[in-house]
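In: okay, predicted coordinates and the sequence, questions at the end:
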Amino acid sequence: MTVTTEAPVRQKAPAPAPKRRTVWRRMRDDWWIYLFLLPTVVGYGLYTVYPLVASWWYAFLDWPGFADVGTFIGFANFELLWADDLFWNSFRNSLVFLAIAVPLRVGLALLLAIVLNRRSTPFRGLFRTLLFLPVVTTGAIVGVVFTLILDAGGPVNLALVKSALVDSPVDFLGSSGMSLYSVIGVWVWKWLGITLIYWLAALQTIPNELYEAARIDGAGNWKEFRYVTLPLLLPFLVVITLIDMVGALNVFDLVMTLTGGGPAFSSEVVEVYIYRTAFGATVPQLGYASAAAVLFGLLTMALAIAQALGIRAARRAMA
Amino acid sequence: MSTSTTPRPSRRQLLRTAGGLAIGLPLLNACTGGGQSAQNAGADPTDASGPITVNWWDHFRPLTELFEKKLFVEYHGKHDNVTVKRRQLDPADLGQALQLARRSKQLPDVHSTAGLSGSVAALVTNGWFHPIGDFVDLGNSPMKDYLYDGIHRFDGKVYTFPVFSGRWHDSTTWVNSALAKQASLDPEQSPATWDEYRATVRTLDQKTPDSVHGLLLPMKDTDYLGGKLTAFAQMAGAPGQTDWKTGEIAVASEPFIQAMEFLLALKADGVLHPASSSLGPRDARARWAAGEAALFPWGPWFIGGLMVEESPAVKRGISAWQIPAPSTQRGTVYVAPAPGSFFVSDQAKNPKVAADVLFQMTTADFAAQLATRMDQPPILLDSVDKADVHPAYKKNVSFFQQDVRIGPVPEVRNGGVAKALAEMRDVHPSPGEIVQAVLTGSTKDYKAALQQYADKATKERKRAIDAAKKKGAEVSEDDWVFGNWQPGQDYTQASYK
Amino acid sequence: MTATRSSRWLIGTGLALLCAVWIYPFLWLVSGSLKTNPEIFGKGLNLLPEAPVWENYSRAWSEVGFSSYMLNTVLITLGTVALVIMRSALAGYVLGRYDFVGKKVLIGVFLVTFFLPEGYTIIPVTQLTDQLGLLNSHLGVVLGLGAGGHAAATLLYAGFFRTIPKDLEESARMDGAGPLTVFFRIMLPLAKPITVSVFILQFLAAWNAYLLPLVFTLSHPELRTLAVGMSAFVGENDTDWAGMAAAAVLSLAPVVAVFVVLQRQFVESLAGAVKQ
């Protein structure tokens, strides 16, 4: 490990090859490279790219789920989808989920990681393990346990009422105003541990000498964090946020066991919407469900690009 | 879309609609390769040499023992090379599992269709099932009077038969007798009107300890809520979600508004268990069993389920209350004829053996056995009288005899209707979803919401009819009109002619 | 000195409180697994059962086929992790160190599919696996979980291998070693921190996987993984909360034990991985 970290970074590709090799020639010389890539190309092609292409194709079909095949109907699914209030409702819910859950998970985990990274904090290993526990718990169990403890007569509400924080029990999962936020809370609880570990790993990359230097300069906790830790963590922030966002798009089993998307669609995220159209309808609509998936994919991608452009513009403006 | 076809959405979304197949048959044949597997046709099941395993999926938890300890064992006793392997799944999971299993050719030989919620006709059209009429002679069984075109028989071929009676609803109030006595009430006395019902629930809520609530009304399952709305509306005089006299979708009519107001009044009375909003009916049953609420409205299978999971709650004392009506002028709950419960899959390896196992369920002896499990009442209803069952179960079945009538079903009269149903997309929010939204406080204007549903559903029905016509089906909106339908009467096989 | 000591204890107490709240659901689960069903909601905040009902555990053990679920899960998880590590390391190695025809396309495909949730593709993947004749086999599940996706692991390896100096490899080549030998003898061992991180992340992903193993083992319940088996248990016994809690505790215990033992190494290798 030490060898590699101190090594100079080289980006240039292999030894100075004779220039102007033809494409064919290059491919033949590099045969072993393709051998190395073979498992990935075959596996990725079959299990990721092909299904993706297939679901794009399904999006243009009228395919009632009980039939073996569908019939081509062009953009009709997308036209219906565009006018479907419930699709946009689920899209909004997914965005709210992303916008609240991801920053919460990333931020809270960072805070805890900083505390747990300090040598002076007692029982660091124990706390780390306890916070990590929910990550290894399967979704079905989490769903059932939380439905019971968040229940109006459950322990959480008993504690809230007894401590006089609220007058009457909070309907965490059964009111349309609360359900989405309750699911967000449970999701952050379940996955915080893994983000915490990412942050701890990131923090360990900061050499201790930097902190010592800051101390000697008389920097307090806040200043130390603001001027030493934070700048060094920024690159990790991007990666960790990205990974957590992928997770936030896969909340299906948790939502299903906690609220089923209800009440009154208030916690229905796009994945649940797709599931409902593909499996839960009187006559399942596979083409329509695929169209919803494709449209959602396009919209998220557009948002991601807009965000990236925005960040770039902001950086330019700062510089 | 159950609204347009059956008088009310049925429990467990089981086989809600059905349809004839005049048009569907060519497609069926194309899909199944004729629907027959030559090597099995005509052979006696016992002829087959070597061990045969019949895989079997269903969702009838209270029947686990009856199936696994009795029916299958007895069959194995008679044909020792045949073993039935059963899996019991949750209704919703079953639907998903069946769809995925079909795509990957993993379907069991026999299955129920809970969770598929759609029309059996659509499944038949798409070649899901193997007709069983070729293997077993249902025409001479006690089932012969209960087989309908478009529900069990498609294009002359019998695919299934009813095991359970269709004459039921899931809005019987089940009473914790011990708590009723605590509140100085006679647990056997049903409050007849909505006002009396509300007053009685209030008494129960007040005269029991604070930890005990009056009524559990689980709101997580929208089908459950839709069932309550329709049943109460029918008690207020509605024919159902469709008005059979005019063929119009009637969910915004006065009786439905009254039913919604009744549900809201129960909520406003403050007698509901506070966790109601986040519970499904099965959770609610467990909470009722734990003594947290005095009353819980659900279907006839209630005691059967309790016997399996929470039997002390039955010993403690349980009673059934007849569904209340707005006034002493009682309405009628209309239901579709009993649908088929089990089907032999088109992917079955030994359809003949599978059909033969199913056939064992057609006897009076089986019906008597079934009655003792106190699930949905058996199709041969007489067996309940003779069976050794809980008095509350018997009482509830007699309520059904008074309150429930068989309504008309469009696809029985005209097979083309099924084709239109297969084109129909669900309309949201559905009546059940509207009830949920209203009770959990996200919608105030339920009149507008119900009207909007009625308009959208009418439009969607028109669109589906046109789409089906384009594909050659003969169907029109008149197929939903039944001029000779008489309120309060059974719409019999003869009425269709 | 006293100031720092008191702040140290303040932080410790704060963390302890937080963790107590955090693991409350687990305490609830353990306590629930020793109660009777009515007792579970009857007793409110009281975590101590009146009299421990050990029978819940024997019921859970016999109803859920734990030993086989556990074995399936371990086999499938290890198979998936091995597959992902092998193919990501190989691909990451050439992506990180060499230029070749089609590299840009490959990276482009990785980026486009980065966000793809599995639920969208379950139907085509099932059909594919069926055509390969691998439904209802451990191999089918392993391929379904590990053959596609996981672009992040490949990119992690690529990033690491890019930083390794040329000399090592070149001297080996001089000695006549082929690319495979160089890779397995020199490069892969060097990438140990990445391998450990990928191992642990994939382990967690495969351990928690639900939809795909569910679909792929529909007609052979004996091939179910723990996540699927637990969910089936919940579905079939949905009001037997005590039995469910006991089953949950049984399914959690081994993973928790593994993590407690391995967590220090986990954090350190992850730190080693990101340091590159």
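Out: Everything's here; your move.

In: from here on, just use CA atoms for contacts and neighbour counts.
Out: OK.

In: now the residue in chain B positioned nearest to chain C: how far from residue A:149?
Out: Residue of chain B nearest chain C, by Cα to the nearest Cα: residue B:290 (5.0 Å). To residue A:149, residue B:290 is 16 Å away according to Cα to Cα, to the nearest Å.

In: and the residue of the stretch 151-300 of chain A that's closest to chain C?
Out: Counting by Cα to the nearest Cα, the stretch 151-300 of chain A gets nearest chain C through residue A:201, at 3.9 Å.

In: so what does that residue look like in phi/psi?
Out: Backbone geometry at residue A:201, expressed as degrees, to the nearest 10, gives phi -60, psi -40.

In: what of residue B:243?
Out: Torsion angles, degrees, to the nearest 10, at residue B:243: phi -90, psi 110.

In: and it, what does it touch?
Out: B:249-250, B:481 (Cα atoms under 8 Å, 6 or more residues apart in numbering or on different chains).

In: which of those residues fall within strands?
Out: In strands, defined here by DSSP state E, the members of these are residue B:249.

In: could you dump the contacts of residue B:243 to CSV with distance to chain C?
Out: Formatted as CSV, these follow (distance: Cα to the nearest Cα, whole Å):
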residue, distance to chain C
B:249, 35
B:250, 36
B:481, 40
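
In: do stretch A:150-164 and chain C meet?
Out: Yes - interface with chain C: stretch A:150-164 contributes A:153-155, A:158-159 (Cα under 8 Å from any Cα of the partner chain).

In: how many residues are close by the closest residue to the residue of chain B closest to chain C other than its chain neighbours?
Out: Take residue B:290 and drop its neighbours on the chain: the residue closest to it by Cα to Cα, 6 or more residues apart in numbering or on different chains is residue C:38, 5.0 Å away. Residues near residue C:38, counting by other Cα atoms under 10 Å in any protein chain shown, number 19.

In: and the helix or strand harbouring residue C:38, how far out from the chain's middle?
Out: With elements taken from DSSP states H and E, the one containing residue C:38 is helix C:37-42. Chain-centre distance of helix C:37-42: 33 Å, with Cα atoms, centre = their mean, to the nearest Å.

In: helix or strand right after that helix?
Out: Following helix C:37-42 in sequence order, the next helix or strand is helix C:55-63 (DSSP H and E).

In: distance check, residue B:127 against residue B:346.
Out: 7 Å.

In: do residue C:244 as well
Out: Using Cα to Cα, residue C:244 is found at 36 Å from residue B:346.

In: and those two? which has more neighbours close in?
Out: Using other Cα under 10 Å, the more surrounded residue of residue C:244 and residue B:346 is residue C:244, with 28 against 25.

In: pretty sure the more buried one sits against residue C:61.
Out: No - between residue C:244 and residue C:61 there is no contact under Cα atoms under 8 Å: 10.3 Å.

In: quick one: the strands in the chain?
Out: With no chain named, the answer covers chain A. Using DSSP E, strands in chain A cover A:61-62, A:71-72.

In: ah, I was thinking of chain B
Out: Using DSSP E, strands in chain B cover B:52-58, B:82-88, B:110-111, B:153-154, B:157-158, B:172-176, B:213-215, B:242-243, B:248-249, B:293-298, B:318-321, B:333-335, B:343-344, B:404-406.

In: include distance to residue C:206 and mean pLDDT when you put those strands into CSV, please.
Out: Output for the strands of chain B, formatted as CSV (distance: least, Cα to Cα, whole Å; pLDDT from 0 to 100):
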stretch, distance to residue C:206, mean pLDDT
strand B:52-58, 28, 92
strand B:82-88, 26, 90
strand B:110-111, 31, 96
strand B:153-154, 46, 90
strand B:157-158, 46, 93
strand B:172-176, 45, 96
strand B:213-215, 44, 94
strand B:242-243, 49, 94
strand B:248-249, 49, 95
strand B:293-298, 40, 96
strand B:318-321, 47, 96
strand B:333-335, 47, 95
strand B:343-344, 36, 96
strand B:404-406, 51, 95
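
In: what's the burial count for the closest residue to residue B:251 other than its chain neighbours?
Out: Leaving aside its chain neighbours, residue B:251 sits nearest to residue B:241 (5.3 Å; criterion: Cα to Cα, 6+ apart). Here the number of neighbours of residue B:241 (other Cα under 10 Å) works out to 29.

In: let me know the pLDDT of residue B:241.
Out: At residue B:241, the model reports a pLDDT of 94.

In: that one contacts residue B:247, doesn't it?
Out: No - using Cα under 8 Å as the test, residue B:241 is too far from residue B:247 to be in contact (9.9 Å).

In: residues in contact with residue A:208?
Out: Not one residue lies near residue A:208 by Cα under 8 Å, 6+ apart.

In: which among the residues of stretch A:150-164 next to chain C gets closest to residue C:8?
Out: Distance ranking of the residues of stretch A:150-164 next to chain C against residue C:8, using Cα to Cα, places residue A:159 first at 28.4 Å.

In: that closest one - how many residues pack around it?
Out: By other Cα under 10 Å, the residues close to residue A:159 number 15.

In: now residue C:139
Out: Residue C:139: 15 neighbours (other Cα under 10 Å).

In: list the buried residues for the helix or strand where it lies?
Out: Residue C:139 belongs to helix C:138-146 when assigned by DSSP H and E. The neighbour-count check on helix C:138-146 (16 or more other Cα atoms under 10 Å in any protein chain shown) flags C:138, C:140-146 as buried.

In: off-centre distance for whatever helix or strand comes next after it?
Out: Sequence order places helix C:151-162 as the next helix or strand after helix C:138-146, per DSSP H and E. In terms of Cα atoms, centre = their mean, the centre of helix C:151-162 is found 19 Å from the chain centre.

In: can you name every helix or strand that helix C:151-162 contacts?
Out: On a contact count with 3 or more Cα pairs under 8 Å, 6 or more residues apart in numbering or on different chains; DSSP states H and E, helix C:151-162 meets helix C:66-97, helix C:192-208.
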